[in-house]
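Asks: Predicted model follows, preceded by the sequence.
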Amino acid sequence: MSKLSQFRELGKKIICVGRNYREHAAELGNPIPSKPILFLKPTSAYITEGQMIKIPLGCSDLNHEVELGVVIGIRASKIKQEEAMKYVGGFALGLDMTARDWQSEAKKNGHPWCLAKGFDTSCPVSAFIDKEKIPNPNNVDIWLKVNGETRQSGNTKDMIFSVEHLISYASQYFTLEPGDLLLTGTPSGVSKLNLGDVIQAGLGNIISVQFTVS
């Protein structure tokens, strides 16, 4: 499992969950989903602390979305929900950076979200978090500040679909491989970012990260 600390190099995909907090779905005027909404980011979206979040060319409404990330430790396919945690290698804090203007236009036209969600630097992540440090991933505080002001503050207990459910559901359609990252959705409070903004985000007092928008 120690090799999973390099999950960004090992993982072949980033699976993201949309609208997994009721208040976040409501703030964007979206209906509450009856089953998980999944989309993908390329691994080229990864950045780590010390690298800048880039506003993609032509984007006028870049938003932050702070999320608990689940790092897969063992290859998994079509697994039962009650067995899901056996396949977890650890966790990470992730940011699902979103070009909201592009996403809104894509939704209106029934088009994919690829550009809105998968551009370079759209997946800032923390260092790997050992599984033992988060014994219950369904009850951990999650927060984000912009320039020192709290924008997002929630708890994973408010997720519509639990971590176990998300892993099991995703594994029915995608073979999950060691190092793959599953982002579990964001609480309410997403907002527009500007050049020079400094983002601080964390999972309780377990880990925190800082990124600058450029």
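Replies: Arrived safely. Residues are numbered from 1 along each chain as shown.
Asks: Helix or strand with the lowest mean pLDDT in this protein?
Replies: helix 22-27 (a mean of 83; mean pLDDT, DSSP states H and E).
Asks: what does the very next helix or strand once past it contact?
Replies: Going down the chain from helix 22-27, the next helix or strand is strand 37-41, by DSSP states H and E. Applying CB atoms under 8 Å, 6 or more residues apart in numbering, the contact partners of strand 37-41 are 13-19, 96, 113, 117-118, 122-123, 169-170, 173. C-beta here means a position set from N, CA and C on the backbone, and glycine is covered the same way.
Asks: Check those for burial and list the buried ones.
Replies: 13-19, 96, 113, 117-118, 122-123, 169-170 (16 or more other CB atoms under 10 Å).
Asks: Now for the most centrally placed residue in the chain: which residues touch it?
Replies: What sits nearest the mean C-alpha location of the chain, by CA atoms, centre = their mean, is Leu183, with 3.4 Å. Shown in contact with Leu183 (CB under 8 Å, 6+ apart): 14-17, 67-69, 94, 96, 123.
Asks: Swap in 10 Å and give it another go.
Replies: Shown in contact with Leu183 (CB atoms under 10 Å, 6 or more residues apart in numbering): 14-18, 20, 39, 41, 65-70, 92-96, 123, 125, 166.
Asks: among those residues, which are in strands?
Replies: When the contacts of Leu183 are checked against strands (DSSP state E), the matches are 14-18, 39, 41, 66-70, 92-95, 123.
Asks: Tell me the spacing between Phe7 and Leu38.
Replies: 19 Å (CB to CB, to the nearest Å).
Asks: Quick check: closest non-adjacent residue to Ala201.
Replies: Once flanking residues are discounted, Ala201 sits nearest to Leu144: 4.1 Å by CB to CB, 6 or more residues apart in numbering.
Asks: On the three-state scheme, the one you found is what?
Replies: strand (DSSP: H, G, I helix; E, B strand; the rest coil).
Asks: Neighbours of it, how many?
Replies: 27 (other CB atoms under 10 Å).
Asks: List the contacts of it.
Replies: Per CB under 10 Å, 6+ apart, neighbours of Leu144: 64-67, 93, 95, 150-154, 186-187, 189-191, 199-202, 208-209.
Asks: Pull out the buried residues from the residues you listed.
Replies: Here, 16+ other CB under 10 Å leaves 64-67, 93, 95, 151-152, 154, 186-187, 189-191, 199-202, 208-209 buried among these.
Asks: Out of the contacts of strand 37-41, which comes closest to Lys86?
Replies: Lys86 lies nearest to Ala170 out of the contacts of strand 37-41, by CB to CB, at 14.9 Å.
Asks: is it true that that closest one touches Leu176?
Replies: Yes: when contacts are counted by CB atoms under 10 Å, Ala170 is listed as touching Leu176 (6.5 Å).
Asks: Alright, calling it a day.
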